[in-house]
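Peer 1: following is a predicted model, sequence given first.
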Amino acid sequence: MQRAAPGIAQQNPAPYAEHLASASATSALGALPGINIMPGHEDDGWVSPPPAVLSDGTNIRLYKDGEALHAAYEAIASARRRICLELYMFRSDATGRAFADLLCRKARDGVLVFVLYDSFGCLDTDRAMFRSLADAGVRVACFHPIRPWECRFGWRPFNRDHRKLLVVDDHLAWLGGLNIGDEYAGSWVVRRKGTLVPWRDNAVSLRGPAARLLLRAFARMWHYVQHGGAIARAAMIELSDRAELGILASVPTRHGPLGPLRRLVNQARRDIALTMSYFAPPDVLVDDLCRAAGRGVRVRLMLPGRSDVRVLRWAARAFYERMLAAGIEIHERLAAVLHAKTLCIDGHTVVIGSTNLDYRSIEYNCELSLIVRNADFGCQTCALFDNDVRFARRITLREWRRRPLLDRLIQWAVIRARRIL
């Protein structure tokens, strides 16, 4: 009997055919297909794989959807000495308050707790929640306050901290695309009633010596927020073609994430699997993907069929005809808001984190991604891409060339304005 790919449940995909035919199909629990919304419930066929092991003994584990936030919550609960948390959004909904209450308890128990949040990302957050954290002894800092009178080192409203990072006791780290909020967690942290639009996202945890790499990235950002100065001090880019683990902690400077990502694409020899929530990149990256397909690399893209930023979905679609004509396979993820950012090269090299492929992420934001070179982890990441394909619609060139004229006009306009999106 043929073995199933790691992380994929051995089951007949036929029951999902009806789901795939309609983006509005729901399961018995009200969950849209392809999202595991609570512990013990699987409507997506994905089984969390065991950790891969790096050469230094670090365990690296891939997480999907709300299970990732559950793992982060459990890591915080296990903390004994120090917790470092950095987020773009820290909502004050049920999930956010559950995390805030836990952080307060840990601080009162004597654990050193640091929380760094982005001012713009938390505009809708009840500021009383952050005051309660500070009152409990949590060291709370705000990145680039939106209100000019709250700034200590100058007003920089366009540069945001889009990173998502947790480091616990210096040996356990967690990062990915998930913010803290109900739409990301489902019922994995707090049991929820009623329906909620599900979000599809990825994250990864490191347990072992490699976690200190991410602790250094947090320390640099914390120092920048506390002392000001050049934002370049918060950057940390450590990459090597031979290193098993690299870090891409980018800031708004000339040395952004685009160069390293282009090098990886150009090094591909067999296949590229890219899952991207916001895809409106510079033309040079699209050229790289088309050239890869032209030299025989199988290039597959998983892009949103449903997005929280509709204009960026139009921007992504403006590239479709060019990429399809080059032989690139394009899938649109149905039934959920796609928020994951993952790149897998040749089933071996994986980029995972917060970095999107749009101008805001590349030129204006502080982002954080890991580069992992490990065959086991690469296999798991590719298997997760294959699982998403089951809940996606493949776009064909013939179909795309039949799209309405209005769609063409909107795509033409949006692509020319993508630098300011």
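Peer 2: Yep, that arrived.

Peer 1: so residue 164 versus residue 335, what's the distance?
Peer 2: 24 Å (C-beta to C-beta, to the nearest Å). All C-beta atoms are positioned from the backbone trio N, CA, C, and that covers glycine.

Peer 1: excluding sequence neighbours, find me the nearest residue to the residue nearest in space to the middle of the chain.
Peer 2: With distances taken as C-alpha atoms, centre = their mean, the residue of the chain nearest its centroid is residue 177 (2.3 Å). Take residue 177 and drop its neighbours on the chain: the residue closest to it by C-beta to C-beta, 6 or more residues apart in numbering is residue 201, 4.7 Å away.

Peer 1: what about the one you found, how many residues nearby?
Peer 2: Applying other C-beta atoms under 10 Å, we find 28 other residues in the vicinity of residue 201.

Peer 1: show me what contacts it?
Peer 2: Taking C-beta atoms under 8 Å, 6 or more residues apart in numbering as the contact definition, residue 201 lies against 64-65, 68, 176-178, 184, 339-340.

Peer 1: the residue nearest to the centre of the chain reaches residue 275, doesn't it?
Peer 2: No: with contact taken as C-beta atoms under 8 Å, residue 177 and residue 275 are classed as non-touching, separated by 9.7 Å.

Peer 1: anything in contact with each of these two?
Peer 2: Overlap between the contact sets of residue 177 and residue 275, as judged by C-beta under 8 Å, 6+ apart, is given by 202, 340-341.

Peer 1: which of the residues you listed fall within strands?
Peer 2: Helix and strand membership here follows DSSP state E; of the shared contacts of residue 177 and residue 275, those in strands are 202, 341.

Peer 1: let me know the closest of the shared contacts of residue 177 and residue 275 to residue 142.
Peer 2: Taking C-beta to C-beta as the measure, residue 142 sits nearest to residue 341 out of these, at 24.2 Å.

Peer 1: for that closest one, which non-adjacent residue is spatially closest?
Peer 2: Nearest non-adjacent residue to residue 341 (C-beta to C-beta, 6+ apart): residue 177, at 5.2 Å.

Peer 1: how close does residue 117 get to residue 89?
Peer 2: Using C-beta to C-beta, one gets 8 Å for the distance from residue 117 to residue 89.

Peer 1: overlap of the contact sets of those two?
Peer 2: In terms of C-beta under 8 Å, 6+ apart, residue 117 and residue 89 are both contacted by the residues residue 125.

Peer 1: tell me the domain ranges of this protein?
Peer 2: The record assigns the chain these domain ranges, following automatic domain parsing: 56-224, 235-420.

Peer 1: the helix ranked longest in the chain: which residues count as buried?
Peer 2: When the chain is parsed with DSSP state H, its longest helix is helix 211-227. Using 16 or more other C-beta atoms under 10 Å as the burial criterion, the residues of helix 211-227 that qualify are 211, 213-215, 217-218, 220-222, 224-225.

Peer 1: and the contacts of the helix or strand that that helix is followed by?
Peer 2: Scanning the chain past helix 211-227 towards its C-terminal end, the next helix or strand to appear is strand 236-238 (assignment: DSSP states H and E). Applying C-beta under 8 Å, 6+ apart, the external contacts of strand 236-238 come out as 213, 216-217, 220, 246-250, 255, 260.

Peer 1: and residue 226, what's its pLDDT?
Peer 2: The model reports residue 226 with a pLDDT of 96.

Peer 1: now it: closest residue in space, sequence neighbours ignored.
Peer 2: Residue 226 sits nearest to residue 141 (C-beta to C-beta, 6+ apart), 6.7 Å away.

Peer 1: on that earlier part again, among the contacts of strand 236-238, which one sits closest to residue 150?
Peer 2: Out of the contacts of strand 236-238, the member with the shortest distance to residue 150 (by C-beta to C-beta) is residue 220, at 22.3 Å.

Peer 1: I figured the closest one was touching residue 230, is that so?
Peer 2: No: with contact defined as C-beta under 8 Å, residue 220 and residue 230 do not form a contacting pair (11.5 Å).

Peer 1: before we move on, back to that, just send the domains of the chain back as a markdown table, with distance to residue 46 too.
Peer 2: Putting those into a markdown table (distance: least, C-beta to C-beta, whole Å) gives the following:
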| stretch | distance to residue 46 |
| --- | --- |
| domain 56-224 | 6 |
| domain 235-420 | 5 |
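
Peer 1: confidence-wise, which of those domains is weakest overall?
Peer 2: Comparing mean pLDDT across the domains of the chain, the weakest is domain 235-420, with a mean of 92.

Peer 1: and that domain, how far out from the chain's middle?
Peer 2: Centre-to-centre, domain 235-420 and its host chain are 12 Å apart (C-alpha atoms, centre = their mean, to the nearest Å).

Peer 1: same question for stretch 211-230.
Peer 2: The chain centre lies 20 Å from the centre of stretch 211-230; the measure is C-alpha atoms, centre = their mean.

Peer 1: and residue 97, what does it touch?
Peer 2: For residue 97, the contacting residues are residue 129, by C-beta under 8 Å, 6+ apart.

Peer 1: strand partners (parallel or antiparallel) of the longest strand along the chain?
Peer 2: Secondary structure assigned by DSSP E gives strand 365-373 as the longest strand of the chain. Partner strands for strand 365-373, per DSSP bridges, with pairing direction: strand 160-161 (parallel), strand 245-250 (antiparallel), strand 349-353 (antiparallel).

Peer 1: each with direction, which strands does the following helix or strand past the shortest one pair with?
Peer 2: Just to be clear, that refers to strand 160-161. If you walk from strand 160-161 toward the C-terminus, the next helix or strand you reach (DSSP H and E) is strand 165-168. Strands adjacent to strand 165-168 in the sheet, as given by DSSP bridges, are strand 82-87 (antiparallel), strand 172-176 (antiparallel).

Peer 1: off-centre distance for the next helix or strand after the longest one?
Peer 2: It refers to strand 82-87. Scanning the chain past strand 82-87 towards its C-terminal end, the next helix or strand to appear is helix 94-108 (assignment: DSSP H and E). What separates the centre of helix 94-108 from the centre of its chain is 23 Å, taken as C-alpha atoms, centre = their mean.

Peer 1: stretch 221-241 spans what distance, first to last residue?
Peer 2: For stretch 221-241, the first and last residues are 26 Å from each other (C-alpha to C-alpha, to the nearest Å).
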